[in-house]
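J.: fold the following and give me the result.
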Amino acid sequence: MTLPDGARAVVVTASNRAAAGVYADRSGQALAVGLRELGLAVAEPVVLPDDRAQISAVLREAATAGIDLVVTTGGTGCSPTDITPEATRDVVERDAPGLADAIRAYGAPTVPTAVLSRGVAGLVGRTLIVNLPGSTGGVKDGLAVLGPLLPHLISQLRGGDHAD
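T.: Predicted coordinates for the structure are as follows:
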């Protein structure tokens, strides 16, 4: 199965330091490249500080714009500033916990701390939002899990029927 025509994604990086220009946004760039390689149209990543209201607003805006997929990177850990899952829950209408669980499980055999990611996944209308860790390794793991699922997922989001 291939991606539906015109499939679009938005990448959001949540990082105080990347937003302030202290360092380059490597995980967001890696995520955008990976999603493009899977066949999605993706603009440059949106880089935001770890601010719940700002992150929620961008997620809502993407869903309102009819974006198929929003993938965040960063802000899923256990530090006091990691609030991406909370910002995502502020927007999500229906949970998709199996995706977040699968991403953690995929990374755990090689990176035991992958299970510490508090990332969530869920639906806002016809938009899927998935939180990934703020590392290039976490992005790679997320893409490995999402890649094979995206054609069916996006078809479903657009109202497609289940394949036999």
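J.: so which residue is dead centre in the chain?
T.: Centroid-nearest residue in the chain: V71, 1.9 Å away (criterion: CA atoms, centre = their mean).
J.: pretty sure it sits against G142.
T.: Yes. Taking contacts as CB atoms under 8 Å, V71 lies within contact range of G142: 7.0 Å. C-betas here are computed from N, CA, C, even on glycine.
J.: overlap in contacts, those two.
T.: 31, 130, 132 (CB atoms under 8 Å, 6 or more residues apart in numbering).
J.: for those, give me JSON lines that also has distance to T76 and secondary structure.
T.: Shown next, in JSON lines, are those (distance: CB to CB, whole Å; DSSP: H, G, I helix; E, B strand; the rest coil):
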{"residue": "L31", "distance to T76": "13", "secondary structure": "helix"}
{"residue": "V130", "distance to T76": "11", "secondary structure": "strand"}
{"residue": "L132", "distance to T76": "7", "secondary structure": "strand"}
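J.: by neighbour count, which of the residues you listed wins?
T.: For the shared contacts of V71 and G142, the largest number of neighbours (other CB atoms under 10 Å) sits with L132, at 31 neighbours.
J.: pull the contacting residues for that one.
T.: The neighbours of L132, taking CB under 8 Å, 6+ apart as the test, are 27, 31, 71-73, 76, 103, 117, 119, 138-139, 141-142.
J.: now the residues you listed in CSV, with secondary structure, distance to D90 and pLDDT?
T.: Formatted as CSV, these follow (DSSP: H, G, I helix; E, B strand; the rest coil; distance: CB to CB, whole Å; pLDDT from 0 to 100):
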residue, secondary structure, distance to D90, pLDDT
S27, helix, 22, 97
L31, helix, 21, 98
V71, strand, 17, 98
T72, strand, 13, 98
T73, strand, 18, 98
T76, coil, 15, 97
I103, helix, 21, 97
S117, coil, 19, 96
G119, coil, 15, 98
G138, helix, 22, 96
V139, helix, 23, 98
D141, helix, 25, 97
G142, helix, 21, 98
